[in-house]
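J.: I would like to see how this sequence folds:
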Amino acid sequence: MAKKLLIRDLTLRDGQQSAFATRMRQEQIDRVLPFYKDANFYAMEVWGGAVPDSVMRYLNENPWDRLEKIKAAVGDVSKLTALSRGRNLFGYAPYTDEIIDGFCRNAIESGLGIMRIFDALNDVNNVKSTIKYVKKYGGIADCAVCYTIDPRFSAMERFKAALKGKKLPKAVFTDEYFLSKAQQMAALGADMITIKDMSGLIPPKRVAGLIRLFKKHLSIPIDFHTHCTPGYGLASVVAAIEAGADVVDTNIWNFAGGPAAPAIELIYIFCKKMGVELDINMEAVAKINKELYTIRKELDAVDAVKVFPNPFNPLTDTVPESVDKEFDRAIAAARNGNEVELIDACHAIERYFNFPKPNELVQKAEIPGGMYTNMVAQLRQLKSEQILENAMQLIPRVRLDAGLPPLVTPTSQIVGAQAVNCALDIKNGKPMYSNVSNQFVNLVKGEYGETPVPIDPEFRFKIAGVREETPYDTSKYKMQPNPVLEDAGGVKLAENEKEELLLELFPLVAKNYLTGVKKARFQAQQEKKAAEKSVEAAPAAEKEQSATTPKSESASKPAAAPITGRVIAAPMPGRVLSILVKVGDAVKKEQDVLILEAMKMENSIASDYSGTVKQVLVAEGDTVAVDTPLIEIE
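T.: Numbers count the residues shown, from 1 in each chain. Below is the predicted model of the structure:
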């Protein structure tokens, strides 16, 4: 009897997030859903990750609507899946059980079938609540072990550390480490386990060994998730299939390869040759791919790859004999455990189809491709591209100081942003860690959970002001304000539980989105009323509408007076999250006066002076450039 392999399609979530900055509009998704209904994927990842944030922030769309519309179109043919960060859900802070409960209930009621739950520290305590509530409401708990590797320290680095009385850690991320995490999650009720290689760093031999180990010691299905950025992706998926993986994650052709997962079309060819059964309707997949080609051209402005793979349909197109032999060579190598041969054959296949070449810089840096591109973009904003190499070299040091967290959202952003901050500190003649984000402070303090290796108490004291690990106290959690919008007809900002959850998970983004939605709705109501009135009453109606039409924020913002005092300026480009002082307040030197979101991190901006606030020169939600005046002190 042939082995059966299940496929989780990532195209509409991880695929578009990896290559197109999560910019697919609902209208574009709607165009492919009829074909997805026929494709018969085991699961479709369509939600979670950056989707809820991005659809509000950039597309002015409702995340709950997206999930519900996909469910309505696809029905029960494929299970809809989402990615969740355990206790952090989609945000950067731990949430209370009440919020996790409400989120899981609403997600499953809206059509979610599988929640893939991971924790950025592989701290199993952080996934307990989500497992409990997903299962409570009838969902499948897919628990992910985040794959990562140990930093490489030379003999000289170890010698120098020893001279300073420090001992660099030996191997932490062993096969036994990953198995232990998987077993702990299985004991908590996980319905399946995913080996989540978010960086694409796992080579074929390692994943094959892990899958065999997991299959030996676990009785639940094993899924494998990876990316192609450093060049292992396709070869590692082939090795995973050969080793007995129950599910693998793929993308459809025009959204596959490069920073994304391998193409289902290539896996289909491999499975046919390996005698592995795939219950996928490849004719429907070809129809989806044809539409994706058009959609990808529409997304050109945000296309991180630009180069399209050569057109190909495995049902109608043949490959040259030389390429067909590369498939056979790869399969033989996977069966013989010849990793070098397997990778070489898969690279030859990818070259023939014009998929992106392996990113050697990312491979050598051993960090996620998205983390690297984020750092480049951040340094470009800061006009400090020249310190990129320095920042990259600091990543192992910052990561070790912070307890050696796996580099996955959100720890990849936290460590990457801090490495940039430290490189800037050095450039400006300051000690490292002169400028730290709030998230880095919280990570070191212990609020994100237990790190893989203990943090030096003296370092913790230096960064967070405490020597003992201090977990996040959810009893002190404060719900986001939910004000009445007088200029939108007197409705509440969040009018139902789903909107309240958006406000909790994405405070600033959801506030802006919901405010815009409510104001637009109110204005449309006013216009409808005006249109329904008689011609004689029209002038009065227009006058009433004019009085109730909200003014733009820029129009209502008073012009700044000439600056005569001392200025607190933005140390980096970003967006003003909150202003902690008002005109007339007395402030002390080093007192926090404003929180600036930069590089996806929250940075508390402190006053360099003591005095009185004369002017607040920005508003919450404003985007500011480096050196923009924020607050005037006199």
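
J.: Can you mark which positions in stretch 56-65 are buried?
T.: Of the residues in stretch 56-65, those buried by neighbour count under the rule 16 or more other C-beta atoms under 10 Å are M56, R57, L59, E61, N62, P63, W64. C-betas here are computed from N, CA, C, even on glycine.

J.: Can you show me the CA trace of that stretch as PDB?
T.: The C-alpha coordinates for stretch 56-65 follow below in PDB (Å, rounded to 0.1, in the frame of the first residue of the first chain):
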ATOM      1  CA  MET A  56      -6.100  46.600   8.500                       C
ATOM      2  CA  ARG A  57      -2.900  48.600   8.200                       C
ATOM      3  CA  TYR A  58      -2.400  48.600   4.500                       C
ATOM      4  CA  LEU A  59      -5.600  47.400   2.900                       C
ATOM      5  CA  ASN A  60      -8.300  48.900   5.200                       C
ATOM      6  CA  GLU A  61     -10.000  45.400   5.400                       C
ATOM      7  CA  ASN A  62     -11.500  43.500   8.300                       C
ATOM      8  CA  PRO A  63      -9.400  40.400   9.300                       C
ATOM      9  CA  TRP A  64     -12.400  38.500  10.500                       C
ATOM     10  CA  ASP A  65     -14.200  39.100   7.200                       C
END
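
J.: Quick one: mean pLDDT over that stretch.
T.: For stretch 56-65, the mean pLDDT works out to 96.

J.: is it true that L315 touches A286?
T.: Yes - the criterion here is C-beta atoms under 8 Å, and L315 meets it with A286 at 6.6 Å.

J.: Now for these two: what residues contact both?
T.: The contact sets of L315 and A286 do not overlap (C-beta atoms under 8 Å, 6 or more residues apart in numbering).

J.: out of these two, which sits in the busier spot?
T.: A286 (19 against 10; other C-beta atoms under 10 Å).

J.: Quick one: residues contacting the more buried one.
T.: N313, L315, T316.

J.: what helix or strand is it on?
T.: Secondary-structure element containing A286, defined by DSSP states H and E: helix 282-298.

J.: tell me the average confidence for that helix?
T.: On average, helix 282-298 scores 98.

J.: Check stretch 174-191 too.
T.: So the average pLDDT for stretch 174-191 ends up being 98.

J.: residues of it that come out buried?
T.: Residues of stretch 174-191 classed as buried: F178, L179, K181, A182, Q183, Q184, M185, A186, L188, A190, D191 (neighbour count, 16+ other C-beta under 10 Å).

J.: ok, back up a step: closest to L503 among the contacts of A286?
T.: N313 (45.2 Å; C-beta to C-beta).

J.: which SS state does that closest one fall under?
T.: coil (DSSP: H, G, I helix; E, B strand; the rest coil).

J.: What are the phi and psi values at it?
T.: The phi/psi pair for N313 (degrees, to the nearest 10) reads phi -130, psi 110.

J.: ok, back up a step: out of the buried residues of stretch 56-65, which comes closest to N603?
T.: For the buried residues of stretch 56-65, with N603 as the reference and C-beta to C-beta as the criterion, the closest is R57, at 19.1 Å.

J.: how about that closest one, what does it touch?
T.: By C-beta under 8 Å, 6+ apart, the neighbours of R57 are V509, N512, Y513.

J.: what does D197 give?
T.: Here D197 is in contact with Y147, V207, F224, H225, T226, H227, S236 (C-beta under 8 Å, 6+ apart).
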